[in-house]
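[1] what shape does this take:
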Amino acid sequence: MKQIILPDGRELCYELTRKRVKNINFYVKDEDVVMVSAPSGVSVKFIEQCLAKRANFFFGAFEKIRARKAAQTKSTEGVKWLGKELPIKIIENSRETAVFDENECRVFTRDIGTENVQNLIRAAKIERFKALCAELNEQVRAELKARGSEPPPVVIKIKEMKSRWGSCSYASGNISINLRLADYPRETVLSVFWHEYAHFRYHDHSDRFYRFLLNLYPDYYKHNNVLKTG
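    Numbers count the residues shown, from 1 in each chain. This next block holds a predicted model:
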């Protein structure tokens with residue numbers, strides 16, 4: 001490995017390989033070294049002059065590699081989804097999206113900066129959670145109909161709420177679900193849906209409300225109590 005000292009004092013390291021090529025080729029190997037392949041007839045002095053002219057490009061490439069490695073290191077923190085801590089895998093790609101599956105969250109982006117990665121994850125998480133809530137809503141409604149009860153028309157709204165996991169506006173037919181529930185198991189989210197649907201029958205939290213709720217969903221406390229310890 002060789003190095004040159006630039007006029008501003010920076011050191012640029014490179015490795016030179018002589019090959020049967022027509023042109024000088026440069027390749028950034030990692031955040032410290034430029035790989036150079038050149039014909040045997042080209043002098044080292046000329047090669048180093050070319051390196052010096054392109055120095056800012058090389059140092060910019062070094063920074064991108066460092067940022068990529070830093071983002072990959074931070075990604076081990078993972079993202080919470082339905083009671084799991086999913087590892088984050090960053091894939092340099094022009095798609096600009098994040099995809100959740102059972103085992104990981106894959107982020108496709110050209111901008112691997114932490115803020116952009118987190119924004120893509122948040123957007124995908126919201127859309128995935130909306131789809132889950134639509135599915136759970138249909139599940140509850142189907143079970144109510146199977147019991148001979150016709151549930152009223154309902155609009156599901158996903159919100160970020162500080163003090164409540166869900167709310168029911170029984171007069172207008174709106175049910176609000178806290179986005180933070182996306183961090184908890186599926187059955188816990190389902191317990192909130194049953195809780196809010198029970199409010200169409202009883203508008204308070206009286207004993208009769210909970211008796212009615214437990215009749216609808218006997219495992220309510222088993223899954224909902226997770227919210228008290230999370």
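[2] so which residues lie in contact with the helix or strand hosting Q3, not counting its own?
    Secondary-structure element containing Q3, defined by DSSP states H and E: strand 2-5. Here strand 2-5 makes contact (Cβ atoms under 8 Å, 6 or more residues apart in numbering) with E11, L12, C13, Y14, E15, L16, V44, E48, L51, A52. C-beta here means a position set from N, CA and C on the backbone, and glycine is covered the same way.
[3] measure the first one to I24 for me?
    In other words, E11. Using Cβ to Cβ, to the nearest Å, we find E11 at a distance of 20 Å from I24.
[4] so what's K80 bridging to?
    Note on K80: beta-bridge partners by DSSP bridges are E85.
[5] which strands border the lengthiest strand in the chain, and is each parallel or antiparallel?
    Using DSSP state E to define each element, the chain has its longest strand at strand 11-18. Applying DSSP bridges to the sheet, strand 11-18 is found paired with strand 2-5 (antiparallel), strand 33-38 (parallel).
[6] average pLDDT for that strand?
    What strand 11-18 shows for mean pLDDT is 92.
[7] list the beta-bridge partners for S176.
    If you apply DSSP bridges, the partners that S176 bridges to are K157, S167.
[8] that one against W165, yeah?
    No: using Cβ atoms under 8 Å, S176 is not in contact with W165; the gap is 9.6 Å.
[9] which single helix of the protein contains the most residues?
    Ranked by residue count under DSSP state H, the longest helix found in the chain is helix 114-146.
[10] quick one: buried residues of it?
    The neighbour-count check on helix 114-146 (16 or more other Cβ atoms under 10 Å) flags 117, 120-121, 124-125, 128-130, 132-133, 136-137, 140-141, 144 as buried.
[11] list the buried residues in whichever helix or strand comes after the longest strand of the chain.
    For strand 11-18, the following helix or strand on the C-terminal side (DSSP H and E) is strand 25-28. For strand 25-28, the neighbour count (16+ other Cβ under 10 Å) marks F26, V28 as buried.
[12] show me what the helix or strand of the chain with the lowest mean pLDDT is packed against.
    When each helix and strand of the chain is scored by mean pLDDT, DSSP states H and E, helix 55-74 comes last, with a mean of 78. With contacts taken as 3 or more Cβ pairs under 8 Å, 6 or more residues apart in numbering; DSSP states H and E, helix 55-74 sits against strand 11-18, strand 25-28, strand 88-92, helix 114-146.
[13] between the last one and strand 88-92, how many degrees?
    For helix 114-146 against strand 88-92, the angle between stretch directions is 120 degrees (axes from the mean of the first three to the mean of the last three Cα atoms, to 10 degrees).
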